[in-house]
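J.: Dropping a prediction and its sequence here:
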Amino acid sequence: MFGRLFDRAAPLWRAASTLGDIIVVNVLLLLTALPIVTLGAGLAAAYDAARRLQADLDDGAARTFWRSFRANLAQSTALWAVVGSIGAALLAGWILLPIPELAVMKTLISAVYLLIFPFVWALQARFENTVGRTLRNAAALAIARLPWAGGVLVIQAVVLAVTIATWFLVPQALVLLLLLGYPLAVWASVPLIERALAPLLPAPEPESAD
């Protein structure tokens, strides 16, 4: 019994290892967010690291994150200049234009933005493309694969709601959620994102019979 408890393949150890990886990625994402302009590269690296770690294609959370960050730095910075500006404009619209007649339009635009947002960074981490084509592909993918995109949006909204509820109801547990940060939502979203991306990925080659 005790041998199984300390077996690193046991569910308890795997869960602890996953939580540790999420915390590492969150710390690195926060570091890359400090200059603000490099946040896009940090987001692409977070999605890439989560995918690789879940698929056992990594060589450690930190190394995987930094390798992806460096590879995506230039393109993701340009993407962030566009995506971040749109997000800032939407936020300003909610704060500066509290007009009831505009609420429906602002809600719809914000929902579309949030649907597309994760796919921008997932696509950037997986494919080489121009800024414009990556944005168009992210929008087309989110709309064409709406059930999966909607699932991603629900997951990320639930993580945010749980964090806010914990803040008010169980503040003692808030530290853990803050340590996990946005990468917790990324980790939970990756399986759905991969399902949405499946039609764009090459089919695995069948294994040859011996």
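T.: Okay, I see it.
J.: Quick one: list the elements packing against the strand or helix carrying residue 108.
T.: Secondary structure assigned from DSSP states H and E places residue 108 in helix 103-126. Judged by 3 or more C-beta pairs under 8 Å, 6 or more residues apart in numbering; DSSP states H and E, helix 103-126 is in contact with helix 39-54, helix 61-96, helix 131-144, helix 146-169, helix 174-197. Heads up, the C-betas are built off the backbone N, CA and C, glycines and all.
J.: Centre of the chain to it, how far?
T.: Distance of helix 103-126 from its chain centroid, counting by C-alpha atoms, centre = their mean, to the nearest Å, is 12 Å.
J.: And that helix, what's buried?
T.: 113-126 (16 or more other C-beta atoms under 10 Å).
J.: What of stretch 46-66?
T.: Using 16+ other C-beta under 10 Å as the test for burial, stretch 46-66 gives 46, 47, 48, 49, 50, 51, 52, 53, 58, 61, 64, 65.
J.: contacting residues around the helix holding residue 108?
T.: Residues outside helix 103-126 that contact it (C-beta atoms under 8 Å, 6 or more residues apart in numbering): 40, 43-48, 51, 68, 72, 75-76, 79, 83, 86-87, 90, 93-94, 97, 129, 134-135, 137-139, 141-143, 146, 149-150, 152-153, 156, 186, 189, 193, 196-197.
J.: before we move on, what about stretch 86-93?
T.: Under the contact criterion C-beta under 8 Å, 6+ apart, stretch 86-93 has outside partners 102, 106, 109, 110, 113, 117.
J.: Check which residues of it are buried.
T.: Going by 16+ other C-beta under 10 Å, stretch 86-93 has these buried residues: residue 93.
J.: what's near enough to touch the residue positioned nearest the centre of the chain?
T.: By C-alpha atoms, centre = their mean, the mean C-alpha position of the chain lies nearest to residue 186, the distance being 3.5 Å. Applying C-beta under 8 Å, 6+ apart, one finds that residue 186 lies in contact with 25, 46, 47, 50, 118.
J.: rewinding a little: need the winner for burial among the helices and strands packed on helix 103-126.
T.: When the helices and strands packed on helix 103-126 are scored by mean count of other C-beta atoms under 10 Å, the highest mean neighbour count falls to helix 39-54 (a mean of 25).
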